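Novice: Next come a sequence and a model predicted from it.
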Amino acid sequence: MADKIKIALQPLNVTLEVAPGTPLQDVLHAYGVEFPCGGQGRCRGCRIEVTQGNLPPTQQEREILSDTDLAAGIRLACRNHAHTDITLRVAQWDAVILAEHAEFAMEPREGLGIAIDLGTTTIVAQLLDLSTGHVLGVRTASNPQASHGADLITRLLFADTSEGYAEITGLLHKRLFQLINEILEASGREKEVLDSIVVAGNSAMHHFMSGLPTGTLARAPFEPLDGDLQQRTAMELGWNLLGNPPVRILPCLGGLVGGDILAGLLATEMGDASELVGLVDLGTNGEIAFGTRERILCTSTAAGPAFEGAKIGMGMQARRGAISEVHVEAGRLLPHVLGGGRARGICGSGLVDAVAGGLDLGLVEPSGRLKDGAPRLELLPPVHLTQADIRELQLAKGAIAAGIHVLLSRFGAKAGDVTRVYLAGAFGNYIRIASARRIGLLHFPEERIQAAGNTSLMGAKIALFAPKGADLDYRALRAKISNVGLATDPSFQEVFIQETRFPEA
Ligand code: FES
């Protein structure tokens, strides 16, 4: 048997070499494909079409997909593994957003646009045909600022000197220019003029992108200097692009809650909700919004990057070799390694699963202490969790749960009063909801929690497709939104301490 097989991805013109038996979910996740139900085989959102080669349907695919779909080569990326060379089309990249089918206001127009989700850890960019809504290319990259700190506050402090600021903004602008060029070249569109580029990111990314000073974000009261929509030209950012297209950076909502959450509100239509709904983005910086069409409250918590694998001894991002799931079977923890093979570390979803499983088996106590003072929780050699790792998770989940509690209490509401909670971000896609509830990260009824995918990118696309003359500063929506500073909330500290504990069985 060959030790490598080829997977060609269309319409990206990309061919990858992977080990036979590699789960397609692991491969496609790196290319920005969303797994809306977290890869549980329930939503069909990860549909792919096999255009060349042989990919026999699994039993679960036979149960979920129609005979017509199966005969047409449709499969689910989350339910299949590649064993031989294949060519795939990803249905998500073909999503047509024609005017009559649009879930939001848009006017098809000629030209190409780029939507960018500028995350603290990861950047995702999509090239779109503005006349059809087709995705012509996707690229993901690490945020190069990570070399100056995994979390935002460390980066903001680094940017406090003019040399530091120039360095950290320069890194970002350079990486984005590289990403834009790669995406244009891979799709064969490098000779075409871009209509516009829309960027959604938190307040720090908004300021770094726009070239605005970040001093006010680094210290109390942690407010943006200018949170409005910022428009620059490509040339002003040092990007030599044909036609010098405009680059629009979506406005902030206050504090470190930026255009990424505004984009999330657009994607989830929270501004039109008649009942209380929420959006929780479990990225490097935990950002939370709850509200209705009358009023929306948002906040950000210093959850730290534990959910993205940082600050955990053997933590890593959700890449090949990461323990991404841990099940409990026959009284033991059973870890799953992304891409198969030897475990190299553990990512956020694996961490939450491992501790949830440890709690169920009595290996971790509700206080967070390892049973009998054990030095570590063994997973798959050499990967394990230490007592310090579990404490780090307690701090992160405590900050998020307390932030949610504070916002809900301002509505006079409890978790059971919320009709729907959207989990945004890649981690939100992968985390098992039962495990998130088991460790007390989320207290909502399971059936009301829904993975919403990359809502920041979706919102950036909504802004990219907005009709000409639309208010991209979203003043009417922003007028309903208030930012809640947790540091000054009298109840936050007490709730935070309570929420660092894990629930009893
Ligand atoms: S069915 Fe594959 S992600 Fe939902």
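Specialist: Looks like it arrived, so ask away. Residues are numbered from 1 along each chain as shown.
Novice: Do you have the strands of the stretch 201-350 of the chain handy? List them.
Specialist: Along the stretch 201-350 of the chain, counting by DSSP state E, counting those that start in this stretch, strands occupy 230-233, 246-249, 277-282, 286-291, 296-301, 322-329, 332-337, 345-346.
Novice: could I get the ones you listed as a markdown table with mean neighbour count?
Specialist: Every C-beta, even on glycine, is put in place using the N, C-alpha and C of the backbone. Formatted as a markdown table, the strands of the stretch 201-350 of the chain follow (neighbours: other C-beta atoms under 10 Å):
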| stretch | mean neighbour count |
| --- | --- |
| strand 230-233 | 16 |
| strand 246-249 | 23 |
| strand 277-282 | 27 |
| strand 286-291 | 26 |
| strand 296-301 | 25 |
| strand 322-329 | 21 |
| strand 332-337 | 17 |
| strand 345-346 | 25 |
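Novice: Relative to the ligand, tell me which of those strands wins on proximity.
Specialist: Nearest of the strands of the stretch 201-350 of the chain to the ligand, taken as C-beta to the nearest ligand atom: strand 322-329 at 13.9 Å.
Novice: Please enumerate residues in contact with that closest one?
Specialist: Under the contact criterion C-beta atoms under 8 Å, 6 or more residues apart in numbering, strand 322-329 has outside partners 309, 316, 318, 333-338, 343-347, 349-350, 353-354, 356-357, 360-361, 379-380, 383, 430, 432.
Novice: Is E163 within a helix or a strand, and which one?
Specialist: Using DSSP states H and E, E163 sits in helix 162-186.
Novice: Show me what counts as buried in that helix.
Specialist: Judged by neighbour count using 16 or more other C-beta atoms under 10 Å, the buried positions of helix 162-186 are 164-165, 167-169, 171-173, 175-177, 179-180, 183-184, 186.
Novice: next one: stretch 441-453
Specialist: Those would be L441, L442, H443, F444, R448, I449, Q450, A451, A452, G453, for stretch 441-453 by 16+ other C-beta under 10 Å.
Novice: out of those residues, which are inside strands?
Specialist: Mapping the buried residues of stretch 441-453 onto strands (DSSP state E) picks out I449, Q450, A451, A452, G453.
Novice: any chance of those in a markdown table, with distance to the ligand and pLDDT too?
Specialist: What follows is these, written out as a markdown table (distance: C-beta to the nearest ligand atom, whole Å; pLDDT from 0 to 100):
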| residue | distance to the ligand | pLDDT |
| --- | --- | --- |
| I449 | 15 | 93 |
| Q450 | 11 | 87 |
| A451 | 9 | 82 |
| A452 | 12 | 84 |
| G453 | 9 | 79 |
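Novice: how about CSV for those, with distance to R62 added?
Specialist: Output for these, formatted as CSV (distance: C-beta to C-beta, whole Å):
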residue, distance to R62
I449, 28
Q450, 26
A451, 24
A452, 28
G453, 26
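Novice: and of those, the nearest to G238?
Specialist: Distance to G238 across those (C-beta to C-beta) is lowest for G453, with 31.4 Å.
Novice: Please name the spatially closest residue to the closest one (chain neighbours excluded).
Specialist: Of all residues not flanking G453 in the chain, E34 sits nearest, at 4.0 Å (C-beta to C-beta, 6 or more residues apart in numbering).
Novice: before we move on, back to that, average pLDDT for the helix holding E163?
Specialist: Computed over helix 162-186, the mean pLDDT rounds to 95.
Novice: Going by contacts, tell me the helices and strands next to that helix.
Specialist: Under the contact criterion of 3 or more C-beta pairs under 8 Å, 6 or more residues apart in numbering; DSSP states H and E, helix 162-186 touches strand 112-118, strand 122-129, strand 135-142, helix 152-158, helix 203-210.
Novice: want to throw those into CSV with mean pLDDT and distance to N54?
Specialist: Compiled in CSV, the helices and strands packed on helix 162-186 are given as follows (pLDDT from 0 to 100; distance: least, C-beta to C-beta, whole Å):
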stretch, mean pLDDT, distance to N54
strand 112-118, 96, 35
strand 122-129, 90, 30
strand 135-142, 84, 25
helix 152-158, 91, 47
helix 203-210, 97, 43
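Novice: mind checking which of those is nearest G264?
Specialist: Across those, G264 has its closest neighbour in strand 112-118 (10.2 Å, C-beta to C-beta).
Novice: I'm done for today, thanks for sticking with me.
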